[in-house]
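Trainee: Any chance you can model this:
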Amino acid sequence: MTVHVLPRYEELSKKAVEDLSDLLSSVDKPLVCVASGDSPFGLYNELVRKVKNKEVDISSWSFVGLDEWMGMNGNDEGSCRFHLNRQFFDALQIEKQKICFFDGRTNDPDKECAQTESFIQQHGGIDVAILGLGMNGHVGMNEPGTVADIRSHVAEIAPLTQQVGQKYFSETKSLSHGMTLGIQTLKEAKHIMLIVSGAAKAPIVKKIFEEKVSEHIPATFLRDHPGFTIYLDKAAAQFILHEKRNPGN
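Mentor: Take a look at the predicted model:
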């Protein structure tokens with residue numbers, strides 16, 4: 001596990017983009033897993049800027065969405081796809097055939113999950129997974145209690161996540177379930193970038209470093225991944241800055 005602590009969120013985002021472009025510079029046709037949410041937003045904003053300035057070429061990249069609320073897709077304001085369209089896909093006019101994203105309005109969730117796994121396999125696996133971190137330690141919609149060997153699936157959303165998720169909508173929504181890449185799917189990615197910012201996330205960051213690997217904090221399942229890197233701003237890292245960086249077993 002590699003840890004980068006940057007003074008401010010803007011610097012964190014720039015560092016993450018630099019590393020992302022470096023990791024993929026020698027990959028012929030990379031597949032990138034993209035997460036929605038506040039934490040990765042700065043990365044997308046900086047990447048869009050670099051692409052438009054011709055500092056980075058992503059013309060060969062393809063993308064797979066990390067998760068989506070059940071009952072929603074890109075046509076629903078506030079959905080995961082809706083935000084990524086606005087922050088990234090539309091801004092760079094990414095071709096639709098290069099994007100695989102869960103359709104939460106599907107009548108056949110199992111088929112949707114299978115198609116997502118197939119898309120990943122057809123592209124030789126995920127080269128880089130960009131993730132955020134939930135207040136309870138979830139990654140994607142893999143909530144506490146999720147087993148490590150699960151692949152893409154329909155997840156039951158924890159009450160805390162349902163509460164926090166309301167901030168993305170202009171009116172109250174039912175957020176009881178979602179579709180997500182599973183822990184096993186994420187662990188098979190060649191590189192994992194976990195981006196965490198803000199003082200509110202500091203307590204769960206501390207637990208990721210100190211608690212034993214278990215389903216109680218799903219993010220701990222990623223800790224032994226050889227390509228796992230955590231990007232923290234100083235606020236999110238405040239409880240680990242003066243402690244040893246080696247996590248428990």
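
Trainee: surely Val51 meets Asp57?
Mentor: Yes. With contacts counted by C-beta atoms under 8 Å, Val51 reaches Asp57, the gap being 7.5 Å. Quick note: C-beta positions are derived from backbone N, CA and C, even for glycine.

Trainee: got a pLDDT number for the closest residue to Glu188 other than its chain neighbours?
Mentor: Excluding its sequence neighbours, the residue lying closest to Glu188 (C-beta to C-beta, 6 or more residues apart in numbering) is Gly125, at 6.0 Å. At Gly125, the pLDDT value in this model is 98.

Trainee: Okay, helices next: where are they in this structure?
Mentor: Counting by DSSP state H, the chain has helices at residues 9-24, 38-52, 80-84, 109-122, 159-165, 183-187, 202-210.

Trainee: Comparing Val51 and Asp57, which residue is more hemmed in?
Mentor: Using other C-beta atoms under 10 Å as the criterion, Val51 and Asp57 rank with Val51 on top: 18 against 12.

Trainee: most centrally placed residue in the chain?
Mentor: Centroid-nearest residue in the chain: Leu131, 2.2 Å away (criterion: C-alpha atoms, centre = their mean).

Trainee: which ones are touching that residue?
Mentor: If you count contacts by C-beta atoms under 8 Å, 6 or more residues apart in numbering, Leu131 has them with Cys33, Ala35, Pro40, Leu66, Val139, Gly140, Leu186, Ile192, Met193, Leu194, Ile195.

Trainee: Looking at those, which has the smallest pLDDT value?
Mentor: Minimum pLDDT for those is recorded at Pro40 (94).

Trainee: what sits against it?
Mentor: Val34, Ile130, Leu131, Gly132, Ile195.

Trainee: Tell me how far the closest residue to Thr146 other than its chain neighbours lies from Lys50.
Mentor: Nearest residue to Thr146, sequence neighbours excluded (C-beta to C-beta, 6+ apart): Pro218, at 5.3 Å. Counting by C-beta to C-beta, to the nearest Å, the separation of Pro218 from Lys50 is 31 Å.

Trainee: Who has more neighbours out of these two?
Mentor: Using other C-beta under 10 Å, the more surrounded residue of Pro218 and Lys50 is Pro218, with 28 against 17.

Trainee: Tell me how far that one lies from Ile150.
Mentor: In terms of C-beta to C-beta, Pro218 sits 10 Å off from Ile150.

Trainee: In contact with the closest residue to Ser62 other than its chain neighbours: list those residues for me.
Mentor: Among residues not flanking Ser62 along the chain, Lys98 sits closest, at 4.5 Å (C-beta to C-beta, 6+ apart). By C-beta under 8 Å, 6+ apart, Lys98 lies in contact with Trp61, Ser62, Phe63.

Trainee: Can you check the pLDDT for Lys98?
Mentor: Among the per-residue scores, Lys98 shows a pLDDT of 97.
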